[in-house]
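**Student:** Make a model of this:
(2 chains)
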Amino acid sequence: MCGVSGILHKSAGFASGLSPVGEQLIRMLEPMTHRGRDSSGVTVVGEDLEGDLVVRLWTGSVREAADVLARAEETVRRAGGVVCSSHHTGQFLRLVVNFEGETSELAAALLETPGVALHSIGHTSEVIKDVGTPVAMDQRHDIGAIRGTHGIGHVRMATESRVDVNHAHPFWAYPFPDVSVVHNGQLTNYHKLRRMYEDQGHHFQTGNDSELIAVYLADKLAHGEQLDDALRSSLDDLDGTFTYLVATREGLGYAKDEWSAKPLVTMETDDVIAIASEEVALRGILPPGMEGEEIDRVEPQKSEVMTWLL
Amino acid sequence: MQLKELAAPGSEITVANPNARHNLGVGIFEDCAIRFAGSVGYYAASLLDGPEVLIEGNAGWAVGDNMMSGKITVTRDAGASAGSTMRGGELFIGGNAGARAGISMKGGSLVIGGNAGFLTGFMMQKGRIIICGDAGEALGDSMYEGAIYVAGNIASLGADATVEEMTEDELIDVLTVLEARGITDKRSFTKVVSAKRFYNYDSLERLEKSAL
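**Tutor:** Numbering: from 1, shown residues only, chains lettered A, B, ... in the order given. Below you'll find the model as predicted:
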């Protein structure tokens, strides 16, 4: 079992400013903690870095974090980029870089940097994930303070692979900036597809089957497919059970398998699109005074795909 | 106080602000009335034997799971697996039901005011399902016994499900159930049953046979 959530502010943008997406994702994930306490994570999209990239890294040693950060900065410079800012909170490293080249080259260079696990690269988004519950993650990373236009979140109960920070969701669609996924389910053709994608030169950082969905979408997007076409073709190409959400720079989407095996409910108001495994999560973001009110929520069924763009 | 402790014969209980939480009103065996003033989560009013339950909102997955007897009303939508393995009583869903409603049901009535989802009546063994709206794909897949009545369209029948003529008595039964729920605009139905082409079972269980 796992829990997924997503939110998109329809009117979001430069005119109306950014919304408290981080806080809302935590408020949706917290009541779904029973769906998984192993790890938690969010992608928040919307921060405008005026062309710069935000890079999220993790390293296995607290003691070496400062050294690893220095090495990562050096990697960025050697790849031809400029480090605008960098800091680390414990084992979590965050860099803002100005980089004119292909993101794939920067990503590959960073991966070769000793001690580095690469969680995300984005123009407008970053992946933050950690072991433990969403509330614990919020306390450590102050997710609630992050504003944006939209985002996705996850609570994990591990079934197929180990519990650690790197195996937490969301999974970034290496090397595609701003594309990441959260998944509830199990993929049964993971090893077969992973071998195929590795033969084609795609990179996997973990043994988590959900990472395959991120790589799958990255491959489709690299071939010029639209997001909803990629989601739709995944219904045939992925075997097993899945409800997954994807966040991109432009919006949100979900895909749900042909067995309708994993739950999902969606709610649309004048202001927001909210998506979650359970209604209790949707209720987490109802405005004050609305808590007891009934809501119109839709339960997607089988082989369904939906995207919402800003 | 625990709902179970409050549930005495004849008692009327209101649960305020259920907030879509799971496992509410489970295992209540007294003839009482329970009202949830709002949406409930998974397994609401499951393992029920006797009570009359009103859910003023949506229900999550498996509402009324394994009900033996009693009456459950959901005013809005229900998630997947509504009335799973129910053996008796009546489960009414005012809105739409998710996938696999009435999965493996073994008795009683499941009444859906709106549309029913994918695989409704999957492996159903007894009882009846009445759908006022449309039915999703694979309706009645691998059902053994029982009947499904659909007022709207059927996206597709499941494996070994077939359409059968409905008798006048049956129609009166179905109309009576719906009238009790205030639904009077549905007058004709498509009846779906098992074709029993895959039906390779003895009618007796092993122990029954050994007793002969």
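**Student:** just checking, B:G114 touches B:A101?
**Tutor:** No. Counting by C-beta atoms under 8 Å, B:G114 sits too far from B:A101 to count as a contact (11.0 Å). C-beta here means a position set from N, CA and C on the backbone, and glycine is covered the same way.
**Student:** Neighbour count for the two, which is higher?
**Tutor:** For B:G114 against B:A101, the residue with the higher neighbour count under other C-beta atoms under 10 Å in any protein chain shown is B:A101, and the figures read 33 against 17.
**Student:** residue ranges with poor pLDDT in chain B?
**Tutor:** B:1, B:202-203 (pLDDT under 70).
**Student:** Chain A contacts on that one?
**Tutor:** By C-beta under 8 Å from any C-beta of the partner chain, the residues of chain B that approach chain A are B:16-17, B:19-22, B:37-39, B:41-42, B:56-58, B:60-61, B:76-77, B:79-80, B:96, B:98-100, B:117-119, B:136-137.
**Student:** try 10 Å
**Tutor:** For chain B, the contact set with chain A under C-beta under 10 Å from any C-beta of the partner chain comprises B:16-22, B:37-42, B:56-61, B:75-81, B:95-100, B:115, B:117-119, B:136-138.
**Student:** list the contacts for the closest residue to chain B within the stretch 1-150 of chain A?
**Tutor:** Of the stretch 1-150 of chain A, the residue with the smallest distance to chain B, taken as C-beta to the nearest C-beta, is A:H34 at 7.3 Å. By C-beta atoms under 10 Å, 6 or more residues apart in numbering or on different chains, the residues touching A:H34 are A:M1, A:G3, A:V155, A:M157, A:E278, A:V280, B:R21, B:H22, B:G41, B:Y42.
**Student:** what about the last one, how many neighbours?
**Tutor:** Going back to what we said before, that points to B:Y42. Applying other C-beta under 10 Å, we find 24 residues neighbouring B:Y42.
**Student:** now the fifth one
**Tutor:** Other residues within reach of A:E278 by the criterion other C-beta under 10 Å amount to 28.
**Student:** which residues in chain B form helices?
**Tutor:** B:3-6, B:168-180, B:206-211 (DSSP state H).
**Student:** Name all residues that make contact with residue 174.
**Tutor:** Because you didn't say which chain, this covers chain A. Under the criterion of C-beta under 10 Å, 6+ apart, the contact list for A:Y174 reads A:103-104, A:107-108, A:111, A:118-121, A:180, A:202-205, A:211, A:214-215, A:218.
**Student:** not quite, I wanted chain B
**Tutor:** Counting by C-beta under 10 Å, 6+ apart, B:V174 makes contact with B:S109, B:V111, B:R128, B:I130, B:A147, B:Y149, B:A151, B:M166, B:K186, B:R187, B:F189, B:K191.
**Student:** Same question for B:G10.
**Tutor:** When contacts are counted by C-beta under 10 Å, 6+ apart, B:G10 is found next to B:E30, B:D31, B:C32, B:A33.
**Student:** What are the buried residues along stretch B:31-39?
**Tutor:** Applying a neighbour-count criterion of 16 or more other C-beta atoms under 10 Å in any protein chain shown, one finds B:D31, B:C32, B:I34, B:R35, B:F36, B:G38, B:S39 buried in stretch B:31-39.
**Student:** quick revisit: which one of the contacts of B:V174 has the most neighbours?
**Tutor:** For these, counting by other C-beta under 10 Å, the largest number of neighbours falls to B:I130: 26 neighbours.
**Student:** So for B:G114 and B:A101, which residues contact both of them?
**Tutor:** By the contact definition C-beta under 10 Å, 6+ apart, B:G114 and B:A101 are jointly contacted by B:A78, B:I93, B:I131.
**Student:** May I see the PyMOL selection of the buried members of the contacts of A:Y174?
**Tutor:** Buried subset of these, written as a PyMOL selection, criterion 16+ other C-beta under 10 Å:
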select buried, chain A and resi 103+104+107+111+118+119+120+121+180+202+203+205+211+214+215+218
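**Student:** Go through the contacts of A:Y174 and flag which are in helices.
**Tutor:** A:T103, A:S104, A:A107, A:A108, A:L111, A:E211, A:A214, A:V215, A:A218.
**Student:** and the two most separated of these?
**Tutor:** Spanning the widest gap among the ones in helices among the contacts of A:Y174 are A:T103 and A:E211, at 17.7 Å by C-beta to C-beta.
**Student:** Tell me how far stretch A:79-92 lies from the chain's centre.
**Tutor:** On the basis of C-alpha atoms, centre = their mean, to the nearest Å, stretch A:79-92 is displaced by 20 Å from the centre of the chain it belongs to.
**Student:** do stretch A:208-222 as well
**Tutor:** For stretch A:208-222, the distance to the chain centre is 12 Å (C-alpha atoms, centre = their mean).
**Student:** buried set for that stretch?
**Tutor:** For stretch A:208-222, a neighbour-count test (16+ other C-beta under 10 Å) marks A:208-221 as buried.
**Student:** Any chance of the ones in helices among the contacts of A:Y174 in CSV with pLDDT as columns?
**Tutor:** Formatted as CSV, the entries for those read as follows, by pLDDT from 0 to 100:
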residue, pLDDT
A:T103, 93
A:S104, 92
A:A107, 96
A:A108, 94
A:L111, 93
A:E211, 96
A:A214, 95
A:V215, 94
A:A218, 89
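**Student:** chain center to stretch A:44-63, what's the gap?
**Tutor:** Here stretch A:44-63 shows a centroid-to-chain-centroid distance of 13 Å under the convention C-alpha atoms, centre = their mean.
**Student:** ends of that stretch, how far apart?
**Tutor:** With C-alpha to C-alpha, to the nearest Å applied, stretch A:44-63 spans 28 Å between its terminal residues.
**Student:** List only buried entries from the contacts of A:H34.
**Tutor:** The neighbour-count test (16+ other C-beta under 10 Å) marks A:M1, A:G3, A:V155, A:E278, A:V280, B:R21, B:H22, B:G41, B:Y42 as buried among these.
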